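*Asks:* Need a 3D model of the sequence below.
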Amino acid sequence: MAFYGLWIIASLIFAFVELFAPSMFFLHLAIGGLITAVAAYFGATLTIQIIVFVIISLVSLLFVRPIFMKKKEQKTELEEQYLEKTAEVIEDIGAEGTSGIGRIKIYDEVWNAKSTNNCIFKTGEFVKITKIDSLTMYVEKIGEEKCSE
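*Replies:* A predicted model of the protein is given here:
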């Protein structure tokens, strides 16, 4: 019986699930399914297919996942360049009637910015960048002082 088509479908389903649950778990099942599909195509029995799937998935999970996770933990070039740096507010951040997003300027570049602790920052103030999420910088007050809300 030709199970390779089912293994390919299972592999695609695992890869699709990984897109929505980026836990780096389902990717390894997808890899196991894809390699098992190759084994099934060349005539492996169902028992051998299951063994191949389990072994490849486990090996991938145990040896490949740590490599991906290590790279994920390393700071990106963008984070190294901007995190903990000071920026000037050029459009109020956290102002009422907005989504809380304002604008900051750093290195002659303008970025969307949002407060990490719901503080309001006025144009002309200086803030510290604490987090980067896509094209939005998250900022907070410089130093120990509390924000004036």
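*Asks:* quick one, strands of the chain?
*Replies:* Ranges of strands within the chain are 86-91, 101-106, 109-115, 126-133, 136-141, based on DSSP state E.
*Asks:* now those strands as CSV including mean neighbour count and mean pLDDT?
*Replies:* C-beta coordinates here come from the backbone N, C-alpha and C atoms, glycine included. What follows is the strands of the chain, written out as CSV (neighbours: other Cβ atoms under 10 Å; pLDDT from 0 to 100):
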stretch, mean neighbour count, mean pLDDT
strand 86-91, 17, 89
strand 101-106, 19, 89
strand 109-115, 17, 88
strand 126-133, 16, 85
strand 136-141, 20, 85
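*Asks:* Could you work out which of the ones you listed reaches nearest to residue 28?
*Replies:* Closest to residue 28 of the strands of the chain is strand 126-133 (Cβ to Cβ; 26.5 Å).
*Asks:* Let's see the closest one as PDB, backbone CA atoms only.
*Replies:* Listed next in PDB are the C-alpha coordinates belonging to strand 126-133 (Å, rounded to 0.1, in the frame of the first residue of the first chain):
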ATOM      1  CA  PHE A 126      13.900  61.600  25.400                       C
ATOM      2  CA  VAL A 127      13.200  58.000  26.000                       C
ATOM      3  CA  LYS A 128      15.100  54.700  26.200                       C
ATOM      4  CA  ILE A 129      14.300  51.800  23.800                       C
ATOM      5  CA  THR A 130      13.700  48.600  25.700                       C
ATOM      6  CA  LYS A 131      12.100  46.300  23.100                       C
ATOM      7  CA  ILE A 132      11.700  46.000  19.300                       C
ATOM      8  CA  ASP A 133       8.700  44.200  17.800                       C
END
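*Asks:* Need the contact partners of that strand.
*Replies:* Identification of contacts with strand 126-133 by Cβ atoms under 8 Å, 6 or more residues apart in numbering yields 78-79, 82-89, 93, 104, 106, 113, 116, 121, 137-142.
*Asks:* re the thing from before, so which of the strands of the chain comes closest to residue 6?
*Replies:* strand 126-133 (38.8 Å).
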